[in-house]
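Novice: Prediction below, plus the sequence it came from.
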Amino acid sequence: MIKLLTQDDTVNLSKFISREQLSPTAAYHLVHEQVISPLHSHLTRLIAAWTGCDANDTRMILHTHALIGEILAFRLGKETILLRTGWTAFDEEKTELINQTVTCHIDLILQGLSQRTGQVLGELDHKPYEIALMQAKAGVSVAQAQYDLMLAGYRDEEIAQAAAAVKQAQAAYDYAQNFYNRQQGLWKSRTISANDLENARSSRDQAQATLKSAQDKLRQYRSGNREQDIAQAKASLEQAQAQLAQAELNLQDSTLIAPSDGTLLTRAVEPGTVLNEGGTVFTVSLTRPVWVRAYVDERNLDQAQPGRKVLLYTDGRPDKPYHGQIGFVSPTAEFTPKTVETPDLRTDLVYRLRIVVTDADDALRQGMPVTVQFGDEAGHE
């Protein structure tokens, strides 16, 4: 069973640290010895029993540290020490805890370890990208529905309603026209005034305008939406689909995956670092392909043709050469670099070569000097 600290234990521990005037580092070691170390041992065995994992496994130890960091908090005098996942350290002069906010997770990849293509090296916080993806999917659904609506045109019920409105407007116009004709005859016989005739004409013109509007609306319903409106809806759909693709790409990029086989040289950030877009997280040395940068003078340039096979000798294995093939010859001349020794004058112009090693192994490392021979193993140069 794990014995947790009671409030009295915490107070007594705090008083002891204050009475002895322990430094922050000494206080931390005391808490670690009296509380954290025993708790870590118990939790490691408990988690190992639950999961069936080896209690001495590196990941098990680190995960136990993370669990302890999330559940322990000790109040020491007036200072609060909160143990969390991430890198923590005491500053002797400022007497405070330096704690990084955990906003990303870097996998347990150590410097110098080999990695394979597709291996997950670290993960950022997926939540913002998942929310953006949901919004993009909703935008595509709205745009797709609007585009389908434009293609389908108006419903039969809407067309029938527009046709009924035309009939109603036609009947109103016929009545207004007949009434105007009667009023016109009465005006000629001086039975009504000119004002009455003008009112009848105005009613007829209004009914005629209403009829024309109803007819235009019916014609629009029957012909469907305009091509320009359909094109606009299609463009909106394509824009929403592009935003969805970008959101999916952002979510995919939130997982840092090894692009190729290689060896991890440096890790530029620690867990909890707030990463900016385009920032460097890892530096990887590629193991394949291996190529050699060499230089040849103008007199031997005709031998350095792309595709020609060469032999490569190292100081460590002079009797067992590597095999290579010239893949690139620089079209421009340059002065011999200071790191290259030639029997000719250093001011001679040379041409840069790139030779791809076809049988490279782990013994061939970056920056290793080699000797290039134009020929085969039989000695024919």
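Specialist: That came through, no problem. All values derive from a computational prediction rather than experimental measurement.

Novice: Quick one: list the elements packing against the longest helix along the chain.
Specialist: Counting residues, the longest helix found in the chain (DSSP state H) is helix 156-188. For helix 156-188, the contact count by 3 or more Cβ pairs under 8 Å, 6 or more residues apart in numbering; DSSP states H and E identifies helix 194-223 as packing neighbours. Any C-beta I mention is one placed from the backbone N, CA and C, and that applies to glycine too.

Novice: helices and strands around the helix it packs on, which ones?
Specialist: helix 156-188.

Novice: ok, the closest residue to T314 other than its chain neighbours - how many residues close by?
Specialist: What sits nearest to T314 in space, not counting adjacent residues and going by Cβ to Cβ, 6 or more residues apart in numbering, is V370, at 5.4 Å. By other Cβ atoms under 10 Å, the residues close to V370 number 19.

Novice: what does D156 give?
Specialist: 9.

Novice: Distance-wise, check it relative to L244.
Specialist: 33 Å (Cβ to Cβ, to the nearest Å).

Novice: how about low-confidence regions in the stretch 201-350 of the chain?
Specialist: Across the stretch 201-350 of the chain, the ranges flagged by pLDDT under 70 are 271-272, 275, 336-348.

Novice: how does it look with 80?
Specialist: 224, 256-288, 298, 333-349 (pLDDT under 80).

Novice: now the strands for it?
Specialist: 255-257, 262-267, 282-286, 291-297, 309-313, 322-329, 334-335, 349-357 (DSSP state E, counting those that start in this stretch).

Novice: So which bits of the third one are buried?
Specialist: Which is strand 282-286. Under the neighbour-count criterion of 16 or more other Cβ atoms under 10 Å, strand 282-286 has 282, 284 buried.

Novice: which secondary structure elements does it contact?
Specialist: strand 262-267.

Novice: now the strand it packs on and strand 282-286, what's the angle there?
Specialist: Using axes from the mean of the first three to the mean of the last three Cα atoms, to 10 degrees, the direction of strand 262-267 lies 150 degrees away from that of strand 282-286.

Novice: Just checking: what are the partner strands of strand 262-267?
Specialist: Partner strands and pairing direction for strand 262-267 (DSSP bridges) are strand 114-115 (antiparallel), strand 282-286 (antiparallel).

Novice: got a markdown table for the ones you listed, with distance to N195 too?
Specialist: Listed next are those as a markdown table, based on distance: least, Cβ to Cβ, whole Å:
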| stretch | distance to N195 |
| --- | --- |
| strand 114-115 | 97 |
| strand 282-286 | 92 |
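
Novice: between these, which one is nearest to K188?
Specialist: Proximity to K188, assessed across the strands paired with strand 262-267 by Cβ to Cβ, is greatest for strand 282-286 (100.4 Å).

Novice: Excluding its own residues, what touches that closest one? List them.
Specialist: 109, 115, 121-122, 256, 258-268, 366 (Cβ atoms under 8 Å, 6 or more residues apart in numbering).

Novice: swap the cut-off to 7 Å and go again
Specialist: With contact meaning Cβ atoms under 7 Å, 6 or more residues apart in numbering, strand 282-286 is reached by 115, 121, 260, 262-268, 366.

Novice: And the furthest pair within the residues you listed?
Specialist: L121 and Q366 (20.2 Å).

Novice: more neighbours, these two?
Specialist: Set side by side, L121 and Q366 show more neighbours around L121, with 18 against 10, by other Cβ under 10 Å.

Novice: So the more buried one: helix, strand or coil?
Specialist: When classified by DSSP: H, G, I helix; E, B strand; the rest coil, L121 comes out as strand.

Novice: From Q232, how far off is it?
Specialist: 44 Å.

Novice: residue contacts, T287?
Specialist: T287 neighbours (Cβ under 7 Å, 6+ apart): 261-263.

Novice: Of the residues you listed, just the buried ones, ChimeraX syntax please.
Specialist: A single ChimeraX command selects the buried members of the contacts of T287 (16+ other Cβ under 10 Å):
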select :262,263
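
Novice: okay if I get the contacts of T287 as CSV plus distance to Q252?
Specialist: Output for the contacts of T287, formatted as CSV (distance: Cβ to Cβ, whole Å):
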residue, distance to Q252
D261, 20
G262, 21
T263, 25
